[in-house]
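In: Show me how the following folds:
(chains A and B)
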Amino acid sequence: MKKPESVIIELAPRFEVGAKSALQNTQLRRNMGKATQTIRGKRASVVDELSDWESLRVAGQHIKDDVLQHLDTYLVQLEDAITRAGGHVHWAKDAHEANEIVTRLIHATGSKEIIKVKSLTTDEIRLNEALELAGITAIETDLAELIIQLAHEKSSHILVPAIHKNRSEIRALFQKSMNLPDLTDEPTELAAAARQFLREKFMSVRVATSGANFAIAETGSVCVVESEGNGRMCLTMPEVLISVMGIEKILPRWQDLGVFMQLLPRSSTGERMNPYTSIWTGVHANDGPQEFHLVLLDNGRSDVLADAVGRQTLHCIRCSACINVCPVYERTGGHAYGSVYPGPIGAILTPQLVGTAHADSLPYASSLCGACYDVCPVRINIPEVLVHLRGKVVAEKQTQPQSWFDGENLGMKAMAATFAHRSTYELAQHAGQLAQWPFVQEGYIEHGPGLLGKWTAMRDFPAIPPQSFRDWWRERQRDE
Amino acid sequence: MQVALFITCFNDTLFPNTGKAVVSIVERLGHQVIFPEEQTCCGQMHFNTGYQAEAMPLIRRFVEIFSQYEAIVSPSASCVGMVRDMYRFAAEVHQDTKLANEVALLSERVYEFSEFIVNRLGIQDVGAYYPHRVTYHPTCHSLRGIKVGDAPEQLLRAVRGIDYVPMTQSNECCGFGGTFAVKNADTSMAMLGDKIRHILDTRAEVCVAADNSCLMHIGGALHRQRSGVRIAHLAEILAAQE
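Out: Residues are numbered from 1 along each chain as shown, chains lettered A, B, ... in the order given. From the prediction side, this is the model:
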């Protein structure tokens, strides 16, 4: 069990509880249904254009396998290359260390404000909150991140954090927080308001932070992929740039980027190519930031790496294809997952980062429909990892004395014992046929007892027919 | 050919007519059905819910019972998926090489009912007659798990008298997901609600699938709503004759 200091869930309710309240929000259901259906269609059409999509997925998977096999070597190679190019590399074992490093670096510049490129990794370590405690204001520059920040909410999607909000909700927010009472809900007007607000910051703030989509070990280049160009502003205008990157984001060779630049935009925004790709290598005199720091973050990733089945989770390039295609996410939205990583990838990543004991409902937040595995550009077998994590959750639960009074545990053990022999199995079949009679009405059970009641609370259950298949078979054999 | 029927505990107990339908079709096509009576449960529910220690004896038991047969056929895509994909995974995780080898030999002889008829026997028309309006729900494990492709639809389209109507967004999960239907009942029902809407939109009298588990979920809501729409396993449609 891990220490809660690296926990990225703050006292989040269990998934099924969070989901229940989200499902009652009909506006959210409409927003989510519309948005996910649209982006699914866009992705499918640009992926279908490529005849070699499956080979690209396999290539992506193999490159990431190689990265994880030789992570120690590639990390040191990256550090050397960045240092040679005039950058600085810092190592952070957890969120606390990473936040300390970033805070110290900002303090050294004397700045009280920073501009931020949209970054999940800095959300994971809750950098903004740590900076606020240190008297530093972090300004999100990604439009959707800005919306979330102004609304004092949490992101509900890794790529489009404000996916749960429609434009009239955003209009109301901007009217209030930017003091623009006459603002309409026209998308161009909303974008113009945000642009006005952000431009002032780009021109005046001297320090920026970012995450990183990729870092190339052989060259020391760091890459950020984005749509708006606001990231490009943050990466080029300030004097000091501090990037925080999970250790698994590394790629061995420059040419590997070619594979991922085909996989990522198509899977992510459903575009052939994203509008802005920024790549920089250390620092260059009179061009861009004159001071560059890369903070390499572990925060539980080494533990994920140690698990032979769970390891593939670190292949993730945060494209969000699995989230967009997930029928569970489509209904509940992202907040129910209680983590910066929602959807199928969150259901496997969060429990591994914080320990299954701290997120034991997440591996069950899936019907195992497999749509996520089909679209994953790096072929993470998400259903398999979910089942693996469920195994861990149960194994941990069974070491606790409470498990001896746990209905599910006892029921599962009893059923396993029943299925262990043909005789007990057949006995149970006959017992079921007899015991159900008080509940059966015209071939259906509409109000079942115990666990069955959880089913019949919402749908009917067919009565057990008086003759099982095997009894019919035996009768048939006798008659012949 | 001798065909060993893997009925699954679920169909054996709750949907015996599906088993009878499989027997009648396979025999009609000139093959012999064997029913290994020692079989109970493949362990899917336990394994997928996380009770893996409890599932392992069931997995070993299944492999022992079915290893001797040339072709094993089951009217459940999800139980076939368990044997073909998750048994390998279970053997790997438990570092049981003996089991892994046995599973590798066994799994290629395990067929879901529709893929057995279409892919192994090469037959689309099994001589069925079913004069009703029918829609088809491709279950997740048949579609994305074991990838039966359009085998069930090929069989349905060859049925005489049938009025086959595809449903929109058919590839989406119905929300069953085994214990998911109870553990995450609210989300499960939200998914089911959309599926039911797509089924009703087809004006079909019957909703067909290759898994009775998903059909029980769908049928449970259709019956609760008194919709008048019935559920039927694919095999039961194909067994019907004039």
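
In: Export stretch B:235-242 to CSV, keeping only CA atoms.
Out: This file holds the C-alpha atoms of stretch B:235-242, laid out as CSV (Å, rounded to 0.1, in the frame of the first residue of the first chain):
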residue,chain,number,x,y,z
ALA,B,235,-29.4,-20.8,-32.7
GLU,B,236,-33.0,-20.7,-31.8
ILE,B,237,-33.9,-18.8,-35.0
LEU,B,238,-31.7,-21.1,-37.1
ALA,B,239,-33.4,-24.2,-35.6
ALA,B,240,-36.8,-23.0,-36.6
GLN,B,241,-38.2,-24.8,-39.7
GLU,B,242,-41.5,-24.9,-41.6
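
In: so who does the residue of the stretch 51-200 of chain A found nearest chain B touch?
Out: Per Cβ to the nearest Cβ, residue A:54 is where the stretch 51-200 of chain A lies closest to chain B, at 13.4 Å. Quick note: C-beta positions are derived from backbone N, CA and C, even for glycine. Applying Cβ atoms under 8 Å, 6 or more residues apart in numbering or on different chains to residue A:54 gives no contacts.

In: Tell me which helix or strand it sits in.
Out: helix A:53-69 (DSSP states H and E).

In: Also residue A:330?
Out: helix A:327-332.

In: so does the next helix or strand after that helix get close to chain B?
Out: With elements assigned by DSSP H and E, the helix or strand that comes after helix A:327-332 is helix A:343-354. No - counting by Cβ under 8 Å from any Cβ of the partner chain, chain B has no neighbours in helix A:343-354; the shortest distance is 11.3 Å.

In: Let me see the mean pLDDT of helix A:343-354.
Out: The average pLDDT for helix A:343-354 rounds to 96.

In: Beyond that helix, next helix or strand please.
Out: Next along from helix A:343-354, by DSSP H and E: helix A:371-375.

In: what comes into contact with that following helix?
Out: A:43, A:267, A:321-322, A:324-327, A:343-345, A:379-384, B:140, B:144, B:171-173.

In: List only buried entries from the residues you listed.
Out: Taking 16 or more other Cβ atoms under 10 Å in any protein chain shown as the criterion, what is buried in these is A:43, A:267, A:321-322, A:324-327, A:343-345, A:379-384, B:140, B:144, B:172-173.

In: Narrow the contacts of helix A:371-375 to those in helices?
Out: If you go by DSSP state H, those have A:43, A:267, A:321-322, A:324-325, A:327, A:343-345, A:382-384, B:140 in helices.

In: Next, give me the two most distant ones among the residues you listed.
Out: Largest separation among the ones in helices among the contacts of helix A:371-375 by Cβ to Cβ: A:43 and A:384, giving 22.4 Å.

In: Just the residues contacting the helix holding residue A:330, thanks.
Out: So helix A:327-332 is in contact with A:18-19, A:22-23, A:29, A:32-33, A:36-37, A:323, A:342-344, A:365-367, A:369, A:371, B:172-173, B:175, B:184, B:187, B:190-191, going by Cβ under 8 Å, 6+ apart.

In: run the last query once more with 7 Å
Out: A:19, A:22-23, A:29, A:32-33, A:36, A:323, A:342-343, A:365-367, A:369, A:371, B:172-173, B:187, B:190-191 (Cβ atoms under 7 Å, 6 or more residues apart in numbering or on different chains).

In: how long is stretch A:14-28 end to end?
Out: Terminal residues of stretch A:14-28 lie 19 Å apart, using Cα to Cα, to the nearest Å.

In: Could you break chain A into its assigned domains?
Out: Chain A breaks down by automatic domain parsing into domains covering A:4-302, A:407-479.

In: Ok, chain B next?
Out: B:2-120, B:133-239.

In: tell me the average confidence for whichever helix in chain B runs longest?
Out: Longest helix in chain B by number of residues, with DSSP H as the criterion: helix B:185-201. Mean pLDDT, computed over helix B:185-201, is 97.

In: go on, stretch A:261-274?
Out: 96.

In: Centroid-nearest residue for chain A?
Out: Nearest to the geometric centre of chain A sits residue A:341, at 2.8 Å (Cα atoms, centre = their mean).

In: Tell me who's in contact with the residue nearest the centre of chain B.
Out: What sits nearest the mean C-alpha location of chain B, by Cα atoms, centre = their mean, is residue B:76, with 2.1 Å. Residues counted as contacts of residue B:76 (Cβ under 7 Å, 6+ apart) are B:8, B:10, B:11, B:211, B:212.

In: What segments of chain B are strands?
Out: Taking DSSP state E, the strands of chain B run over residues B:2-5, B:32-34, B:71-74, B:110-112, B:133-136, B:163-164, B:206-209, B:230-233.

In: Any residue of the third one touching chain A?
Out: No - contact between strand B:71-74 and chain A, assessed by Cβ under 7 Å from any Cβ of the partner chain, is absent, since the two come no nearer than 12.1 Å.

In: Show me how far that strand is from its chain's centre.
Out: 12 Å (Cα atoms, centre = their mean, to the nearest Å).

In: Contacts for that strand, please.
Out: By Cβ under 7 Å, 6+ apart, strand B:71-74 touches B:1, B:3-6, B:8, B:22, B:66, B:80, B:109-113, B:116.

In: What strands line up against it, and which way round?
Out: Here strand B:71-74 has these sheet partners by DSSP bridges: strand B:2-5 (parallel), strand B:110-112 (parallel).

In: what's the closest of these to residue A:239?
Out: So among those, strand B:110-112 is nearest, using Cβ to Cβ, at 63.1 Å.

In: residues in contact with that closest one?
Out: B:71-74, B:77, B:80, B:83-84, B:120, B:142, B:146, B:148, B:210.

In: can we see that at 10 Å?
Out: B:3-4, B:6, B:42, B:62, B:66, B:69, B:71-84, B:87, B:103, B:116-117, B:119-121, B:141-142, B:145-148, B:151-152, B:210-211, B:234 (Cβ atoms under 10 Å, 6 or more residues apart in numbering or on different chains).

In: For stretch A:443-463, list every residue counted as buried.
Out: A:444, A:445, A:448, A:455, A:456, A:458, A:459, A:460, A:461, A:462, A:463.

In: which two in those residues are spaced the farthest apart?
Out: Checking these with Cβ to Cβ, the most distant pair is A:458 and A:463, at 17.6 Å.

In: what stretches of the stretch 1-150 of chain A score poorly on pLDDT?
Out: The stretch 1-150 of chain A contains residues with pLDDT under 70 at A:1-11.

In: re earlier: which among the contacts of strand B:71-74 end up buried?
Out: Counted by 16+ other Cβ under 10 Å, the contacts of strand B:71-74 give B:3-6, B:8, B:22, B:66, B:80, B:109-113, B:116 as buried.

In: hmm, back to that, tell me the one of the contacts of residue B:76 nearest chain A?
Out: residue B:11 (6.5 Å).

In: quick one: the residue nearest to the closest one when sequence neighbours are not counted and residue A:180, what's the gap?
Out: Nearest residue to residue B:11, sequence neighbours excluded (Cβ to Cβ, 6 or more residues apart in numbering or on different chains): residue B:18, at 5.1 Å. Look at residue B:18 and residue A:180: by Cβ to Cβ, to the nearest Å, they are 63 Å apart.

In: for residue A:457, same thing?
Out: Taken as Cβ to Cβ, the span from residue A:457 to residue A:180 is 48 Å.

In: go on, residue B:20?
Out: 70 Å.

In: Any residue of the longest helix of chain B touching chain A?
Out: Yes - legend: contact between helix B:185-201 and chain A by Cβ under 10 Å from any Cβ of the partner chain is shown at B:185, B:186, B:187, B:188, B:189, B:190, B:191, B:192, B:193, B:194, B:195, B:196.

In: can you give me phi and psi for the closest residue to the fifth one other than its chain neighbours?
Out: This points to residue B:189. Nearest non-adjacent residue to residue B:189, counting by Cβ to Cβ, 6+ apart: residue A:458, 5.1 Å away. In terms of degrees, to the nearest 10, the main-chain angles of residue A:458 are phi -120, psi -20.
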